[in-house]
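In: My questions are about this predicted structure, shown below with the sequence.
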Number of protein chains: 2
Amino acid sequence: MEKLQAFQQLVERGIEKIPLDGKPTALYEPLRYVLGLGGKRVRPLLSLLACDLFDAKPETALDAAIGIELFHNFSLVHDDIMDNAPLRRSKDTVHRKWNPNTAILSGDAMLIKAYEQMVKVPAFCLAPVLELFNLTALQVCEGQQLDMDFETIPKVSIPQYLSMIELKTAVLLASSLRIGAMIGKAGKQEEERIYNFGKNLGIAFQLQDDILDVYGDPGKFGKVTGGDIVSNKKTYLLLKAMEASERIPYKKEELMQWVHAPQFNPSEKVEAVTAIYDHLNIRSMAEALANKYYQEALSALEHIQANPEKKETLRTLAQNLMNRTE
Amino acid sequence: MEKLQAFQQLVERGIEKIPLDGKPTALYEPLRYVLGLGGKRVRPLLSLLACDLFDAKPETALDAAIGIELFHNFSLVHDDIMDNAPLRRSKDTVHRKWNPNTAILSGDAMLIKAYEQMVKVPAFCLAPVLELFNLTALQVCEGQQLDMDFETIPKVSIPQYLSMIELKTAVLLASSLRIGAMIGKAGKQEEERIYNFGKNLGIAFQLQDDILDVYGDPGKFGKVTGGDIVSNKKTYLLLKAMEASERIPYKKEELMQWVHAPQFNPSEKVEAVTAIYDHLNIRSMAEALANKYYQEALSALEHIQANPEKKETLRTLAQNLMNRTE
């Protein structure tokens, strides 16, 4: 898609233009490092596409789009400290390349930099855009807190898990779209529809991420495959496997033995738990659920009153996200 | 001063009204804890006084005032992690009472909550107030980074130290006033004067803090006295003592022996280094420098075109800050 590529370039150029040459160097260098790691830039792309969808110049949403990308990167830097993650996009995380203090403070600076961009939003929608941005930012923190809480809660239900990923991942995708639509003067009803498109797409996207962590190609997927299994992360796959194995006691026992094993060979654990998932057909169930949310997203998109060709571009992007292998 | 008390009450009530009962509890409880620790609430008080100084209703600056207090508390929570501080206002710091992850994430939420307040600023000055707030917030991060950088740089000059405390402490006091003045429609010239009043007062305030860390009454001062000496913190006092002892080689040697001592009895070190400071007359020099900035602050205040009685209230607050023993 030519338009997707053109917008992607607009985003990349916008990111390159963020002034990050401030002093002291120790504060700003990690920001340049993190933004230089690349990434799909999905969120800013969604803002531009949503603005364009309502026939406003996509450039008018660029500052907000970049602000959202900065926010997203801030949250990755702080989450990586909290999750003690060694790698991000196949490179050292900030707290590993530098140290946790640098990661905390540079993260803070990145969040403030995000607001510096958001303030440049056209005056007519400055207050409502910032209100949505603040609300969303808090929801993302709430999602991260729930994610951490889940590590120590013995029983997490699937609905609890789904509302956690809605907060941690989906609302930011939804708000990226809605903010673009607000700048594009879409009107409240269309704003809500595009928000729902993004929210459902976001949940589908995160479920897909859980699937890729187990079944992704380790060469293409920028993380170590099976990391969630090794760390007993309560993803949809593990929660569903616990539920589905209730009727097959020996499988349940096998699964719980791996979950509670104090010592183990990581690749052996990944292989064994994956085999249990396969036996229980977990992958298909996860894919079916991801697809359910994906279809809901598409239905919300369908109802939006806008140029069908432009809607098609958003649909293509959504499809790319669902078919990704990395 | 009746007005100071009335404004203080306005601030306290404003803080009590911040909605902090969100879920998950683990995210919001530390915010209630930190705000409940009290503090002098100097910054929000300054915003209200500055707004009132230009004959606008002080209540119109209350949201921004509370936002600034939230920002200040956010910075304390994150700084305390980075400085590994055990106590804040004689109570456990957040990362000690809970853990570092909670302190990181709750701090992030508090920063976003600060912006939630700032967005409520009257529309006529929303963009410029947010621009100043963003700039100031970044400067505070820069100051904290410099402060950490100074720990490992062998030689820090006194001008370098002064520009660090200007960023870390003074600009936020200055901006608290300027934001109040902006909401009070003071006009650019008066805004600049009140900013200079706050900046100079802030530097004097921090120098006073350095003095109190050594010479304060440990019962009244909410920290452990001598903490800066124990940790070799490059405060004005230590830097000046290093400079002043150049001409008394045996004192310089004694000082550097304590600074480089790998093991020591903390109270012995505090006593010995304080004796060196006394010998070199460091306290008077620090007080003279603090007074120089204080006088510059008062002179900036004097030039402001406003009701003399209202200026007097600001002068009284400044005086209280300089004469504090805690």
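Out: Noted; the coordinates are in hand.

In: now the end-to-end length of stretch A:113-127.
Out: 18 Å (Cα to Cα, to the nearest Å).

In: need the residues of the stretch 51-200 of chain A near chain B, please.
Out: When proximity is defined as Cβ under 8 Å from any Cβ of the partner chain, the stretch 51-200 of chain A approaches chain B at A:78, A:81-82, A:100-101, A:104-105, A:107-109, A:111-113, A:115-116, A:119, A:123, A:126-127, A:130-131, A:134, A:137-138, A:141-142, A:144-146, A:148-149. The C-beta positions use only the backbone N, C-alpha and C, and glycine is treated the same way.

In: Tell me which stretches of chain A form strands.
Out: With DSSP state E as the criterion, chain A has strands at A:87-88, A:91-92.

In: Packing partners of the first one?
Out: The criterion is 3 or more Cβ pairs under 8 Å, 6 or more residues apart in numbering or on different chains; DSSP states H and E, and there are no helices or strands that strand A:87-88 contacts.

In: Which pLDDT value belongs to A:Gly216?
Out: Looking at A:Gly216, its pLDDT reads 88.

In: Hmm, I typed the wrong one, I wanted A:Asn323.
Out: At A:Asn323, the predicted lDDT confidence score is 88.

In: And it, how close does it get to A:Ala127?
Out: Using Cβ to Cβ, to the nearest Å, A:Asn323 is found at 38 Å from A:Ala127.

In: Counting neighbours, go ahead and name the busier of those two.
Out: A:Ala127 (16 against 8; other Cβ atoms under 10 Å in any protein chain shown).

In: Out of the residues of the stretch 51-200 of chain A next to chain B, which end up buried?
Out: A:78, A:81-82, A:100-101, A:104-105, A:107-109, A:111-113, A:115-116, A:119, A:126-127, A:130, A:134, A:137-138, A:141-142, A:144-146, A:148-149 (16 or more other Cβ atoms under 10 Å in any protein chain shown).

In: rewinding a little: so which of the strands of chain A is the most surrounded?
Out: Per residue and on average, the most neighbours among those fall to strand A:87-88, with a mean of 18 (mean count of other Cβ atoms under 10 Å in any protein chain shown).

In: Just list the residues touching the most centrally placed residue in chain A, thanks.
Out: The structure's chain A has its C-alpha centroid closest to A:Thr169; by Cα atoms, centre = their mean the separation is 4.4 Å. Contact analysis of A:Thr169 by Cβ atoms under 8 Å, 6 or more residues apart in numbering or on different chains lists A:Gly143, A:Gly202, A:Ile203, A:Phe205, A:Gln206, A:Asp209.

In: out of the residues you listed, which one sits closest to A:Ala275?
Out: A:Asp209 (21.4 Å; Cβ to Cβ).

In: what stretches of chain A score poorly on pLDDT?
Out: The model of chain A has pLDDT under 70 over residues A:219-224, A:325-326.

In: can you do 50?
Out: Across chain A, nothing is flagged by pLDDT under 50.

In: wait, isn't A:Ile158 in contact with A:Glu243?
Out: Yes. A:Ile158 is within contact range of A:Glu243, at 7.2 Å (criterion: Cβ atoms under 8 Å).

In: tell me, what's touching the two both at once?
Out: Contacts common to A:Ile158 and A:Glu243, judged by Cβ under 8 Å, 6+ apart, are absent.

In: hang on, A:Ala26 packs against B:Gln145?
Out: Yes. Shown here, A:Ala26 and B:Gln145 form a contact pair, counting by Cβ under 8 Å, at 5.5 Å.
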